[in-house]
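Enquirer: Kindly generate the corresponding structure for this input.
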Amino acid sequence: MLNLKACFDYTINTLLELCKSNLCELLHGFAIGRVPHYDFYNSTSLGVRMTLPPFPVVLMPTRRVFKFDPQAQKHIWFKDVCRTNGEYVCGTVDGDVCYVTARANSISEARQRVYRTINNMDVKSIQYRTDVGKRVNTCLRAIQPWIIKGVSNVC
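Expert: Model (predicted):
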């Protein structure tokens with residue numbers, strides 16, 4: 001069985017959450033060598049990777065039905081998910097199921113939205129980090145003095 005899938009890295013998925021432009025037109029423009037017009041929301045985005053254990057070492061993937069609210073689909077970036085007989089099934093290849101993203105005016109609001117989407121999903125034995133975005137405000141306060149002094153290469 002040959003399985004080809006086109007997907008983005010989770011950092012790109014998180015950035016695409018901010019994109020106002022049509023993704024197909026954006027990719028088509030890049031593909032034909034024309035820099036397309038694109039526009040982004042002036043917001044914050046956050047993304048959480050969801051995997052099947054024992055990721056990243058999945059010796060024998062196990063197929064599981066993956067249920068979610070259709071309204072949330074635009075915030076779910078599928079990887080190891082396929083649609084079979086009207087159901088979404090995950091765990092057919094490598095256990096790297098999806099990335100869930102959210103956009104908001106603050107990290108804490110984006111965090112609340114992304115975890116609300118995850119909590120509304122129904123898939124057995126899924127794993128994901130629960131601390132994504134938790135330390136951002138603390139880290140920003142720690143580097144604030146350097147930013148004020150004009151040091152731009154602290155990260």
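
Enquirer: all contacts plus neighbour counts: C-alpha atoms, from now on.
Expert: Fine.

Enquirer: And the helix or strand of the chain with the lowest mean pLDDT, how far out from the chain middle?
Expert: Ranked by mean pLDDT, DSSP states H and E, the helix or strand of the chain with the weakest confidence is helix 136-148, at a mean of 80. Relative to its chain's centre, helix 136-148 lies at 25 Å (C-alpha atoms, centre = their mean, to the nearest Å).

Enquirer: what about Cys19, distance to Ser43?
Expert: The gap separating Cys19 from Ser43 is 10 Å, by C-alpha to C-alpha, to the nearest Å.

Enquirer: which one of these two has more residues nearby?
Expert: Neighbours per residue, other C-alpha atoms under 10 Å: of Cys19 and Ser43, the larger number sits with Cys19, 16 against 13.

Enquirer: Report the contact partners of the more buried one.
Expert: By C-alpha atoms under 8 Å, 6 or more residues apart in numbering, the contact set of Cys19 is Tyr38, Asp39, Phe40, Tyr41.

Enquirer: again, only this time at 10 Å
Expert: By C-alpha atoms under 10 Å, 6 or more residues apart in numbering, the residues touching Cys19 are Asn13, Leu26, Tyr38, Asp39, Phe40, Tyr41, Asn42.
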